[in-house]
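Engineer: got a structure for you, letters missing:
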């Protein structure tokens, strides 16, 4: 009875602090959002809408001078149907890409959490003679100490978090490992990775739209390369089509001028691999070593397969996000949509001027704001991995994940050491 009262008292004491207060929730607002400019699409479409407004004013001025600038009303309904269908499809496709990117990164976060927890809890030294007989079995004998095993577990958890950061930079087209958030979580052995096959040159800033994904040509033909963009790897995956310009100009004196030498460079200049795949390789190797050393005897083959499946799922989610970043909406589709919307908005003043006169100008402006706003929103969210204000906050997702894993390492107990001591399975009595 006394314990029951104490539990009730403790719950009563915690209840006020756990309650969600109304002022912490976002209040439903209509008028403030209507009058809001910051965070809206107004600044993005102000120029095109102003152009349509100026054109409408020019049409009204010409009409007021007695000129005939009137079109039949049968044109607008024909264009409105086409424009409406294209805008609906355009907006839906862009939001699907945005939502798909969020789902993929959420699944990646879940996989990192599960894999980190399983490594931290289930990886431990194999049973010894000092432990109870009911947990002993035919397991390998390891020469590592508990401190060394913990160090390997910490490195594995660091690789889990580093995978999320590496995917973030990879999707943004940022090359190398020389980023503060990435180097802070990578194990020390990755510091020399740039010398063993990875391009460590820092890429340019992440593009905010697909206009930045076009290829650029270097100053000379011998130095042709793909410009960093929001989609691809640090360097072209396949072999280069052209030799280095310096190698093509060098000749061998003993063979004459008709023969040229090929200067062999390290394989880092020939092939490339994304950093997330290297981290995934390290994680798979860590799981293999844990199994070989007998550190996964508590979970058996099923637990080992579950860990390997989580690493595979992490790579799958990275590939899905790569597909989104590497597959922009075809340019002719966007061009045709803008042409149709522009044609519709320029024909609208000519059909309304006879009936509305000068009052046609604000009406056309509102219509232009509506249609161009939909296109502007679709263009802004179709690439969700950049630095735009309304892109996915990947930095926040990764930082939160890092704090969770750091808390696990510093505060939560490892396997075999519960929060309230060792449980021998015999019950409290």
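Structural biologist: Perfect, thanks for sending it. The shown structure was predicted, so the numbers you read here are calculated from the model rather than taken from an experiment.
Engineer: Give the residue spans of the stretch 51-200 of the chain that score low on pLDDT.
Structural biologist: 128-141, 191-200 (pLDDT under 70).
Engineer: on contacts alone, who are the packing partners of the helix of greatest length in the chain?
Structural biologist: Using DSSP state H, we find that the single longest helix of the chain is helix 75-122. If you count contacts as 3 or more CB pairs under 8 Å, 6 or more residues apart in numbering; DSSP states H and E, helix 75-122 packs onto helix 146-171, helix 275-292, helix 300-326, helix 331-356, helix 360-381, helix 394-411. For every residue, glycine as well, the C-beta is placed using N, CA and C.
Engineer: Pull out the buried residues from the last one.
Structural biologist: The one in question is helix 394-411. Using 16 or more other CB atoms under 10 Å as the burial criterion, the residues of helix 394-411 that qualify are 394, 397, 398, 401, 402, 405, 408.
Engineer: any idea how far the fifth one is from residue 167?
Structural biologist: Counting by CB to CB, to the nearest Å, the separation of residue 402 from residue 167 is 13 Å.
Engineer: One more: the fourth one?
Structural biologist: For residue 401, the distance to residue 167 (CB to CB) stands at 11 Å.
Engineer: related to what we said a few turns ago, closest to residue 285 out of the buried residues of helix 394-411?
Structural biologist: For the buried residues of helix 394-411, the closest approach to residue 285 (CB to CB) belongs to residue 405, at 19.3 Å.
Engineer: confidence score at that closest one?
Structural biologist: With respect to pLDDT, residue 405 scores 95.
Engineer: Let me know whether it touches residue 157 as I believe.
Structural biologist: Yes - counting by CB atoms under 8 Å, residue 405 does reach residue 157; the two are 5.3 Å apart.
Engineer: shared neighbours, the two?
Structural biologist: Common neighbours of residue 405 and residue 157, using CB atoms under 8 Å, 6 or more residues apart in numbering, are residue 116.
Engineer: Could you pull up the residues touching residue 374?
Structural biologist: Residue 374 is in contact with 87, 90, 91, counting by CB under 8 Å, 6+ apart.
Engineer: Residue 39 too?
Structural biologist: Listed by CB under 8 Å, 6+ apart, the contact partners of residue 39 are 389, 390.
Engineer: Try it again at 6 Å.
Structural biologist: Contact analysis of residue 39 by CB atoms under 6 Å, 6 or more residues apart in numbering lists nothing.
Engineer: Could you do residue 60 as well?
Structural biologist: Applying CB under 6 Å, 6+ apart to residue 60 gives the contacts 358, 361.
Engineer: quick check: angle from the longest helix of the chain to helix 275-292?
Structural biologist: Orientation check (axes from the mean of the first three to the mean of the last three CA atoms, to 10 degrees): helix 75-122 against helix 275-292 gives 30 degrees.
Engineer: any idea of the angle helix 75-122 forms with helix 360-381?
Structural biologist: Orientation of helix 75-122 against helix 360-381 (the same axes, to 10 degrees) gives an angle of 30 degrees.
Engineer: what about residue 56, distance to residue 365?
Structural biologist: Per CB to CB, residue 56 is found 7 Å from residue 365.
Engineer: out of those two, which sits in the busier spot?
Structural biologist: Neighbours were counted for residue 56 and for residue 365 using other CB atoms under 10 Å; residue 56 has more, 26 against 17.
Engineer: Remind me which helix or strand the more buried one belongs to.
Structural biologist: Using DSSP states H and E, residue 56 sits in helix 42-64.
Engineer: Taking helix 331-356 as reference, get the angle to that helix.
Structural biologist: Angle of helix 42-64 versus helix 331-356, following the same axes, to 10 degrees, is 40 degrees.
Engineer: let's have the chain start at 22 instead
Structural biologist: New numbering, starting at 22: the last item is helix 63-85.
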